[in-house]
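Trainee: Sequence plus predicted model, see below.
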Amino acid sequence: MMDHQETLELLPAFADQELGIVEAQEVQRHLDSCADCQREYAAQRIVSARFKKEAVYFDAPPHLAHRISSALPPEPVRAGSRRFSWMSLGGALAAGLALVWSLGLYLNLPSDQERLTDEVVASHVRSLQVDHLSDVVSSDQHTVKPWFNGKLDFSPPVVDLAPQGFPLVGGRLDYLAGRPVAALVYRRAKHPINLYIWPSNERDAAPQLQNHQGYHLVRWTWDGMNYWTVSDLAANELDNFVGLVRSTVRQ
Ligand SMILES: [Zn+2]
C-alpha cells in the first residue's frame with residue numbers, strides 16, 4: 001500500500017498520466033481514501049491543464065511552489081550557508097553605502113573644501129606647537145626657493161615681502177590634501193603666517209576669506225597653483241598680505 005507522502009510525490013506524474021499501470025493503481029487506491037490527496041490531485045489537474053493550454057507560462061499556485069521547493073534535494077549546508085552569507089554581506093554593504101550616501105546628503109557632511117580647511121588649520125597649529133615652522137630658515141627667497149628642489153615635484157613661487165612688513169622666515173615641507181606641499185612662513189610682528197602652495201588643475205579663483213577656529217584663512221588659485229594662507233592676524237591684515245603675494249607672484 002502506497003503511503004500518503006509517496007502518493008503526494010507521484011501526484012504530478014499521475015495527473016500527467018506518466019505513471020506505469022501498477023503505480024497509477026496504487027496512487028488511485030490511496031487517492032480514493034485521502035481527502036488531502038484528492039484536493040492536491042484536483043489542483044494538479046488544473047495546473048496540468050493550464051500548462052498544456054498555455055504551453056510555457058503559468059502561475060504556480062503558492063502551495064505548489066512550496067511543494068516544489070521542499071521536494072528539491074537540500075543543498076549541502078556549508079555551500080548553501082556560505083553563498084547566503086556572501087549574498088547577505090553584499091546586500092548589507094550596498095544598503096550601508098546607500099545609507100551613508102543619503103546621510104551625507106542629509107547631514108551635509110564636510111565637503112573637500114571644509115576638510116581641507118580643517119587640515120590647513122591643524123597644520124598651522126601643529127607648526128606652532130612643535131616649534132617647527134621652518135625646515136629652511138632664511139629670509140632670502142633665493143635660499144628658500146632652491147631648498148624645495150628635489151623635495152617636491154613642482155617649484156613654488158617664493159617672494160620676499162620684508163619691505164612691505166611681511167618678512168619671509170623660511171619654508172618647510174608639509175602634507176595637505178593627500179600630497180606634499182610647500183609651506184612658506186612669513187611674519188607680521190609676532191604673528192606667524194603659513195602660506196601653502198601646491199599644483200592645481202582648477203581654473204584661477206579669486207581669494208576667499210574664511211574664519212575657522214579663531215584663525216583667518218584665505219585661499220585662491222592662480223596659474224596652476226593652489227594657495228592657502230592661514231594666520232591669527234586680523235582679517236584685513238591677512239587680506240593685505242594676500243594682495244601683496246598675488247601682485248608680487250604675478251611680476
Ligand atoms: Zn494522502
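Mentor: Everything's here; your move.
Trainee: So which bits of the stretch 1-150 of the chain are right by the ion?
Mentor: Taking Cβ under 5 Å from the ion as the test, the list of the stretch 1-150 of the chain residues beside the ion reads 4, 34, 36, 37. Using the backbone N, CA and C atoms, a C-beta is placed for each residue, glycine as well.
Trainee: Please pick the buried ones from these.
Mentor: Applying 16 or more other Cβ atoms under 10 Å to these, the neighbour count classes 34, 37 as buried.
Trainee: Of the residues of the stretch 1-150 of the chain next to the ion, which is the nearest to residue 17?
Mentor: Each of these was checked against residue 17 using Cβ to Cβ; the closest is residue 37, at 16.6 Å.
Trainee: State the three-state secondary structure for that closest one.
Mentor: Judged by DSSP: H, G, I helix; E, B strand; the rest coil, the three-state class of residue 37 is helix.
Trainee: That one against residue 29, yeah?
Mentor: No - applying Cβ atoms under 8 Å as the test, residue 37 and residue 29 come out as separate, 10.7 Å apart.
Trainee: Spatially, what comes nearest to residue 116 if we skip its sequence neighbours?
Mentor: Counting by Cβ to Cβ, 6 or more residues apart in numbering, residue 177 is the residue found nearest to residue 116 once chain neighbours are left out, at 5.7 Å.
Trainee: show me the contacts for the one you found.
Mentor: Taking Cβ atoms under 8 Å, 6 or more residues apart in numbering, we find residue 177 in contact with 112, 116, 119, 198.
Trainee: Next step: the residues you listed restricted to helices.
Mentor: Counted as lying in helices by DSSP state H, out of the contacts of residue 177, are 112, 116, 119.
Trainee: Tell me the spacing between the last one and residue 197.
Mentor: Yep, that's residue 119 we're talking about. Plainly put, residue 119 is 15 Å away from residue 197 if you go by Cβ to Cβ, to the nearest Å.
Trainee: Between the two, which is the more surrounded one?
Mentor: Per other Cβ atoms under 10 Å, whichever of residue 119 and residue 197 has more neighbours is residue 197, with 24 against 17.
Trainee: Which parts of the stretch 51-200 of the chain are strands?
Mentor: 136-137, 168-176, 179-188, 191-199 (DSSP state E, counting those that start in this stretch).
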